[in-house]
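>>> What follows is a predicted protein model with its sequence.
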Amino acid sequence: MATREEVLAETFLQLADTIVDDFDVHDLLTTLSGRCVELLDASATGVLLADVQGSLQVVAASSETAKLLEMLQLQNEEGPCLDAFRTGKAVTHSDLASANPWPRFGRAATAGGFRSVHAFPMRLRDVVLGTLNLFMADPGPLSDADVAVAQAFAHAATIALLQDKAATEAHELTAQLQGALNSRIIIEQAKGTIAERDGIGMDEAFERLRSYARTHNRKLADIAQAIVAHTLATTEMQTLLRSGRTAE
């Protein structure tokens, strides 16, 4: 089994590789989300990116529960992730059951089994692209080492998304990322189709979709579009439905 240091090194290498490759934004950020669960003992994680209007959208989450909690913040316009994005600074709360500054988010989070939250801006200089968010089952602060790792992940992901562009080119990047945000809708529809066809949960449906895209060296959004448009060959769909979870 790989050590924590080895997994950290592998994660940063994956983020660095995307600078020169035509990478899949969804797969990159889903990998990052999963690694935060693995390395930082988070119960759930999510990644938000801003669209061309500057509004945050859910792009990746470690589970359906995390995705719904992120969406609740956006719908109610309150929560640590929004605060981290607006200020460009990390926002943490060690016990959501006590002196919670986000009433609706706090109630939903604690009802979902989360007692503390930590949101880190995906920032390079004055440009904030989104946030990386950790939801913890237990109250209490993150260790200094884990804070450093989480913020380093957020920073490295930001650099990967910028693809070595100057901060002044952020508006161009945002326009490019709009396509990724739009394709998220198609991915959600494809997840629903797979879940219904195979009688499985949405989390498992996403893992099968992602696994198939990786195995066949195709973009996640392209496979999702083929499923929704009913252009994915029957044999390919059968292969996808048979596939199971894969390790990161």
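Yep, that arrived.
>>> So which residue is smack in the middle of the protein?
Centroid-nearest residue in the chain, with CA atoms, centre = their mean: A60, separated by 2.6 Å.
>>> Need the pLDDT of G46.
On pLDDT, G46 comes in at 94.
>>> Surely it and L56 touch.
No. The pair G46 / L56 is not scored as a contact, 10.5 Å apart, by CB atoms under 8 Å. Just so you know, the C-beta spots here come from the backbone N, C-alpha and C atoms, and that holds for glycine as well.
>>> Find residues that contact each of the two.
Listed contacts common to G46 and L56 are C81; contacts here mean CB atoms under 8 Å, 6 or more residues apart in numbering.
>>> about what we covered before: where's the residue nearest to the centre of the chain, which helix or strand?
Assessed by DSSP states H and E, A60 sits inside strand 56-61.
>>> now A42
Counting by DSSP H and E, A42 is part of no helix or strand.
>>> Please work out how many residues are found near it.
26 (other CB atoms under 10 Å).
>>> Could you check what's spatially nearest to it, not counting adjacent residues?
Using CB to CB, 6 or more residues apart in numbering and skipping the chain neighbours, the partner closest in space to A42 is L134 (4.2 Å).
>>> how far off strand 56-61 does the helix or strand harbouring the one you found point, in degrees?
Using DSSP H and E, L134 sits in strand 127-136. Per axes from the mean of the first three to the mean of the last three CA atoms, to 10 degrees, the angle that strand 127-136 makes with strand 56-61 is 50 degrees.
>>> May I have the strands that pair with strand 127-136, each with its orientation?
Its sheet considered, strand 127-136 pairs with strand 44-50 (antiparallel), strand 116-124 (antiparallel) by DSSP bridges.
>>> Please name every helix or strand in contact with the helix or strand just after it.
Next helix or strand after strand 127-136 toward the C-terminus (DSSP H and E): helix 144-162. When contacts are defined as 3 or more CB pairs under 8 Å, 6 or more residues apart in numbering; DSSP states H and E, helix 144-162 sits against helix 4-17, helix 25-40, strand 116-124, strand 127-136, helix 170-198.
>>> tell me, which of the ones you listed is the model least confident about?
If you rank the helices and strands packed on helix 144-162 by mean pLDDT, helix 4-17 sits at the bottom with a mean of 73.
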